[in-house]
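**Q** sequence isn't available, so here's the structure alone:
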Ligand SMILES: CCCCCCC[C@H](O)CC(=O)SCCNC(=O)CCNC(=O)[C@H](O)C(C)(C)COP(=O)([O-])OP(=O)([O-])OC[C@H]1O[C@@H](n2cnc3c(N)ncnc32)[C@H](O)[C@@H]1OP(=O)([O-])[O-]
Ligand SMILES: NC(=O)c1ccc[n+]([C@@H]2O[C@H](COP(=O)([O-])OP(=O)(O)OC[C@H]3O[C@@H](n4cnc5c(N)ncnc54)[C@H](O)[C@@H]3O)[C@@H](O)[C@H]2O)c1
């Protein structure tokens, strides 16, 4: 049943993509990590020309490998009875992805730049300032930030009317939602283009204001944090909390499993940032157990241990 649902999602995303048109033809994705490689993949499979940029050539090589493998999964499902068409789909999608280690050069030919680099305001400011000086007039800039303010990120660029948030979800090829975030100065034309582009790459788009966590993370972060506090108090075991939310509320993962999946350092980073900004909000108060796990290097799936133990890949 689970597989059937996932197959439906991937096939639907793909057919949506083929049917939709977008004014954006050339996209530059900056940051070739977990999110950037997924954004590059869904864009290329929807027929866009993609330049994927990272400072590290090793990251780019790893991303290309994982995109190839994930496109292979899509092809297996969508072209189940036509393997040759599947191979063509993978080859053509891969051929649409170029890689680069030079963000400024890659922005020069972009209609849209989607930034998916580290969640750090200073680093994002430095990048966007550099890109603003070289990108064509018409180029739209977007950030995939999980928790930072779009208005604050775009404060360093002149093109504030051509700036917004495009918040994807992990894993990008599977998750159907795209949050389109309007900053205070995002123009109607930019907003409309971002919405159309999101549909063209197969996502269902919702509109968000530039508030902490937009919609999903504003609800998800306090929910995960409450689950950690529940566990910390000893009210239930980790396994029981996760089983409760999977079987009682129908979530695909329990909150502690999801916290391990996104990374406990990411959980902590978001919580600390919001706590500093909104010290009176009790939902954003620091959690001693979360701080302890992070200080011990127990960051979740990627570290081999978080609330649970995992086999290191
Ligand atoms: C304090 C809180 C902090 C929050 C942090 C915020 C972070 C951020 O801003 C927001 C988020 O993203 S929030 C996070 C939002 N995310 C969530 O909430 C996620 C919740 N979890 C889920 O939706 C499901 O558990 C998964 C989809 C992850 C796995 O599905 P499953 O059924 O349990 O396991 P399965 O059978 O293995 O996989 C089924 C099929 O899915 C496919 N596929 C899987 N992984 C893939 C990948 N990496 N790539 C590509 N494809 C991938 C694949 O096609 C596979 O089929 P195949 O047979 O292998 O070809
Ligand atoms: N991980 C998630 O679940 C998730 C979900 C939604 C949004 N986000 C957001 O997406 C962004 C990226 O997250 P991620 O999980 O993909 O991170 P990641 O660490 O997997 O990847 C970030 C990549 O950016 C590269 N990078 C850093 N500075 C750069 C620069 N100046 N120019 C080019 N490349 C640079 C790094 O080498 C790294 O490969 C963050 O803002 C994060 O908050 C993450």
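**A** Here it is on my side, so go on. Everything numeric here is computed off the predicted structure, so don't read it as measured data. Ligands and ions are numbered 1, 2, ... in the order given.
**Q** could you measure from the closest residue to ligand 2 within the chain over to residue 116?
**A** Here the chain gets closest to ligand 2 at one residue, residue 33, 1.9 Å apart by C-beta to the nearest ligand atom. C-beta here means a position set from N, CA and C on the backbone, and glycine is covered the same way. According to C-beta to C-beta, to the nearest Å, residue 33 stands 7 Å off from residue 116.
**Q** give me the distance between the residue nearest to residue 272 when sequence neighbours are not counted and ligand 1.
**A** Take residue 272 and drop its neighbours on the chain: the residue closest to it by C-beta to C-beta, 6 or more residues apart in numbering is residue 286, 6.7 Å away. Shown here: residue 286 relative to ligand 1, a distance of 12 Å by C-beta to the nearest ligand atom, to the nearest Å.
**Q** and what of residue 88?
**A** The gap separating residue 88 from ligand 1 is 19 Å, by C-beta to the nearest ligand atom.
**Q** please, which helix or strand holds that residue?
**A** If you go by DSSP states H and E, residue 88 is part of helix 83-95.
**Q** now do that helix: which elements does it pack against?
**A** When contacts are defined as 3 or more C-beta pairs under 8 Å, 6 or more residues apart in numbering; DSSP states H and E, helix 83-95 sits against helix 34-45, helix 57-78.
**Q** still on that earlier bit, give me the neighbour count for the residue of the chain closest to ligand 2.
**A** By other C-beta atoms under 10 Å, 15 other residues sit near residue 33.
**Q** number of nearby residues for the nearest residue to it once chain neighbours are set aside?
**A** Once flanking residues are discounted, residue 33 sits nearest to residue 59: 6.4 Å by C-beta to C-beta, 6+ apart. For residue 59, the neighbour count with other C-beta under 10 Å is 18.
**Q** how about residue 140?
**A** Residues within reach of residue 140, counting by other C-beta under 10 Å, total 27.
**Q** wouldn't it be in contact with residue 166 here?
**A** No: with contact defined as C-beta atoms under 8 Å, residue 140 and residue 166 do not form a contacting pair (9.4 Å).
**Q** which neighbours do these two have in common?
**A** residue 194 (C-beta atoms under 8 Å, 6 or more residues apart in numbering).
**Q** near ligand 1 at all, stretch 215-224?
**A** Yes: applying C-beta under 6 Å from any ligand atom, one finds stretch 215-224 touching ligand 1 at 217, 220, 221, 224.
**Q** I'd say residue 288 and residue 229 touch.
**A** No: under the criterion of C-beta under 8 Å, residue 288 makes no contact with residue 229, lying 9.6 Å away.
**Q** okay, buried residues for stretch 219-238 please.
**A** For stretch 219-238, burial by neighbour count (16 or more other C-beta atoms under 10 Å) applies to 220, 221, 222, 224, 225, 227, 228, 230, 231, 238.
**Q** which members of these occur in helices, if any?
**A** 220, 221, 222, 224, 225, 227, 228, 230, 231, 238 (DSSP state H).
**Q** contact residues of this protein facing ligand 1?
**A** Within reach of ligand 1 by C-beta under 6 Å from any ligand atom, the chain has these residues: 2-3, 6, 10, 70, 73, 146, 169-171, 173-175, 217, 220-221, 224-225, 252-253, 258, 262, 266-267, 270.
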